[in-house]
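Colleague: 3D model of this:
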Amino acid sequence: MRAARSWATFLGLLACCQAAKQPNIIVILTDDQDWEMKSLDYMPLLRKHVIDQGTLYDRHYCTVSICCPSRVNLWTGRAAHNTNVTDVDPPYGGYPKFVYEGLNDNWLPVWLQDLGYNTYYTGKLFNSLDVDNYNNPPVKGFNGSEFLLDPYTYRYFGSVMSRNGAAPVSYKGQYSPDVVAEKTYGFLDEAAQSTKPFFLTAAPVAPHFELTNSPKDGVRLNPPQYAQRHAHLFQDYKIPRTPDFNPDIPSGVSWIKGMPKLNDTVIEYYDEFQRARLRSLQAVDEMVEQLVQRLDAKGLLDNTYIFYTTDNGFHIGQHRMHPGKECAFESDVHIPLAVRGPGVPAGNTAGVVSSHTDLTPTILKLAGANRADLDGSPIPLLEHELAQPESGEHVNVEFWGSALGEGNVRRVCEADALSVVSLGPMRGNNNTYKALRLIGEGYNLLYTVWCTGEKEFYDLTLDPYQMQNYLDANSAELAENYEIADCSFAQLISRLDALLMVLKSCKAKSCQKPWSTLHPAGEVTSLKDALHPKFDGFYEQQSKVSFSSCAMGYIISEEGPQEVNVWNDGAHADLV
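Modeller: Numbers count the residues shown, from 1 in each chain. Model (predicted):
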């Protein structure tokens, strides 16, 4: 109640004293677009109109590498362990869970309407928003909307949409990303007729797989379909043969470590899978150009911020894995973010560490507002902000449940009379974990604790493809000889354990500045500070992240200890 009164008071003050004209804001949100396989290199119009005219953020991350939880994280500014939307379908995720958790009344479009914005959305919103529940209850926060509906969301030539809560309409025979583009242009025309600022999101499904279900063939997870005008493209493309692609020696832990090496038939199929993904993105690329040109023709471009991003990354063949996401490797969590708009330096690449948790605070700041109850912080956009960024060095990554392999590779192998047993599992069970990405001066680290009790540590400065796990039993000698800032490996891990303990249950300020939970006096604000030897005993005595079971969702009783010690007073900081 107190937070609601504070927000209402703030809105009243804002209405009275807001001097600058609020900008328009457009978000283009793709589905499962990779950074590590360099998909952006195959989108020349995006580069021409957004990247070259704005800033590319090359250290931007999702915090949960699966569609619905990541989108809820993005649109609420809250970590998945705080939204409690942790899967794509009920009981732990999807639109029904979003509503159940009270988020339909408490997310970005609602707040922007309170700030005087007209708000619009086209395309995919959340999983399990379907032909039965699309209006029960209605999605709140939009002046105009046209949502893709399950079970047709991933049918590229057979989508079904609901406009402003009306009865679903089929677009069978029409290419879904093109349909979303046309709907987006229509809402742009509507928004331009008002004197109010607008917020507009275009969310095509590309390059997500196509999902079909028929009595004859059952459920099929096929490569994405593409428009016929793009069928000739990328015939010679191959997935980059980086050290993590189908390596000779297995890597990772849990189910990943047991994946067999991919054979040539599978690799050829996966190259074509990625070609299809790149072709599907060409319609998105064309939409980007059309949006920029239409904004310019309407005289709106100079007062509009355009954000281009995706919900999560994607792997195909990295660490021998079948197509998918859901892991903490760079392939899955390191994602595109490009921004252009007033005051954003053109042709710039920014190395600030940011995540999807930060996007809602960033957009609210552009609209002239802030909320102290959010888990993220505004991303520096303007030239003077980028000159002295205040962003942190950490990203909290988390996941619950299992990992799903995509594509019809089993049928491909059967067609070539190859054994499907050699493919390994298409589903990775026990995929629940907590992970920490830490990037600062002199370090670039990934630390993961799995529900199975296994752990991973990668130094991405030395090992950018995460092939050498220092916490593997076979890496004891490497760990013994590892040093950072004159500290031993054990000293470093004790700090990472404590920081991950804070982040796994953090809220608001403790998510933004997690070191302050451990050191409220402010003497430690980074890993570099925490590595001072005077803190050795303090960190050795901290609780460690652990799990009681490999739960399929966020269940606090299964999440291990919830308290950390506070430096110098012997107190506990209760994080739940």
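Colleague: Report the separation between the spatially most central residue of the chain and Pro425.
Modeller: The chain has Cys62 as the residue nearest its centroid, 2.7 Å off, counting by C-alpha atoms, centre = their mean. Distance of Cys62 to Pro425, given as C-beta to C-beta, to the nearest Å: 24 Å. Bear in mind the C-beta positions are built from the backbone N, C-alpha and C, glycine included.
Colleague: how about low-confidence regions in the chain?
Modeller: 1-20, 391, 415-422, 570, 575-576 (pLDDT under 70).
Colleague: coming back round to it: enumerate every residue touching the residue nearest to the centre of the chain.
Modeller: If a contact means C-beta atoms under 8 Å, 6 or more residues apart in numbering, then Cys62 has 70, 73, 311-313, 333, 335, 355-356, 397 as its contacts.
Colleague: switch the cut-off to 10 Å
Modeller: Cys62 makes contact with 69-71, 73-74, 309-313, 325, 332-335, 337, 355-357, 395, 397 under the criterion C-beta atoms under 10 Å, 6 or more residues apart in numbering.
Colleague: Out of the residues you listed, which sit inside helices?
Modeller: Under the assignment DSSP state H, those contribute 69-71, 73-74, 332-333 to helices.
Colleague: Turn the buried ones among those residues into a named ChimeraX selection, would you?
Modeller: The buried residues among these can be selected in ChimeraX (16 or more other C-beta atoms under 10 Å) with this line:
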select :69,70,71,73,74,332,333
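Colleague: With distance to Lys257 added, can I get the ones in helices among the contacts of Cys62 in a markdown table?
Modeller: Formatted as a markdown table, these follow (distance: C-beta to C-beta, whole Å):
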| residue | distance to Lys257 |
| --- | --- |
| Pro69 | 25 |
| Ser70 | 25 |
| Arg71 | 30 |
| Asn73 | 28 |
| Leu74 | 31 |
| Asp332 | 16 |
| Val333 | 19 |
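Colleague: Relative to Val344, which of the ones in helices among the contacts of Cys62 is nearest.
Modeller: Leu74 (19.3 Å; C-beta to C-beta).
Colleague: Without its sequence neighbours, what residue ends up closest to the closest one?
Modeller: His356 (4.3 Å; C-beta to C-beta, 6 or more residues apart in numbering).
Colleague: and that neighbour, how far is that from Val72?
Modeller: 10 Å.
Colleague: Overlap in contacts, these two.
Modeller: Residues touching both His356 and Val72 (C-beta under 10 Å, 6+ apart) are 64, 311.
Colleague: Wait, Leu462 touches Asn481, no?
Modeller: No - with contacts counted by C-beta atoms under 10 Å, Leu462 stays clear of Asn481, the gap being 12.0 Å.
Colleague: Tell me the gap between the helix ranked longest in the chain and the middle of its chain.
Modeller: Determined from DSSP H, the single longest helix within the chain is helix 264-297. Mean-position distance between helix 264-297 and its chain equals 19 Å (C-alpha atoms, centre = their mean, to the nearest Å).
Colleague: Show me what it is packed against.
Modeller: Secondary-structure packing of helix 264-297 (3 or more C-beta pairs under 10 Å, 6 or more residues apart in numbering; DSSP states H and E): strand 24-30, helix 44-46, helix 176-192, strand 198-203, strand 304-310, helix 409-415.
Colleague: and it with strand 198-203, angle?
Modeller: If you take axes from the mean of the first three to the mean of the last three C-alpha atoms, to 10 degrees, helix 264-297 sits at 160 degrees to strand 198-203.
Colleague: Give me the angle between helix 264-297 and helix 176-192.
Modeller: Using the same axes, to 10 degrees: helix 264-297 against helix 176-192 is 20 degrees.
Colleague: mind listing what's buried in helix 264-297?
Modeller: So for helix 264-297, counting by 16+ other C-beta under 10 Å, buried means 266-267, 269-288, 290-292, 294-295.
Colleague: what's the answer for stretch 345-355, then?
Modeller: Applying 16+ other C-beta under 10 Å to stretch 345-355 flags 345, 348, 350, 352-355 as buried.
Colleague: just the CA coordinates of that stretch, formatted as PDB?
Modeller: Taking C-alpha atoms only, stretch 345-355 is exported to PDB below (Å, rounded to 0.1, in the frame of the first residue of the first chain):
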ATOM      1  CA  PRO A 345      25.800   8.100 -29.700                       C
ATOM      2  CA  ALA A 346      25.800   6.800 -33.200                       C
ATOM      3  CA  GLY A 347      28.100   4.000 -34.400                       C
ATOM      4  CA  ASN A 348      29.000   3.200 -30.800                       C
ATOM      5  CA  THR A 349      29.700  -0.100 -29.000                       C
ATOM      6  CA  ALA A 350      29.200   0.000 -25.200                       C
ATOM      7  CA  GLY A 351      30.800  -2.600 -22.900                       C
ATOM      8  CA  VAL A 352      28.600  -1.900 -19.900                       C
ATOM      9  CA  VAL A 353      27.200  -5.000 -18.200                       C
ATOM     10  CA  SER A 354      23.400  -5.000 -18.400                       C
ATOM     11  CA  SER A 355      20.500  -7.500 -18.400                       C
END
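Colleague: Please tell me how far it is from the chain's geometric centre.
Modeller: The answer for stretch 345-355 is 17 Å, by C-alpha atoms, centre = their mean.
Colleague: And the closest residue to Val412 other than its chain neighbours, how close does it get to Glu406?
Modeller: Closest residue to Val412 apart from its sequence neighbours, by C-beta to C-beta, 6+ apart: Tyr269 at 4.8 Å. Using C-beta to C-beta, we find Tyr269 at a distance of 12 Å from Glu406.
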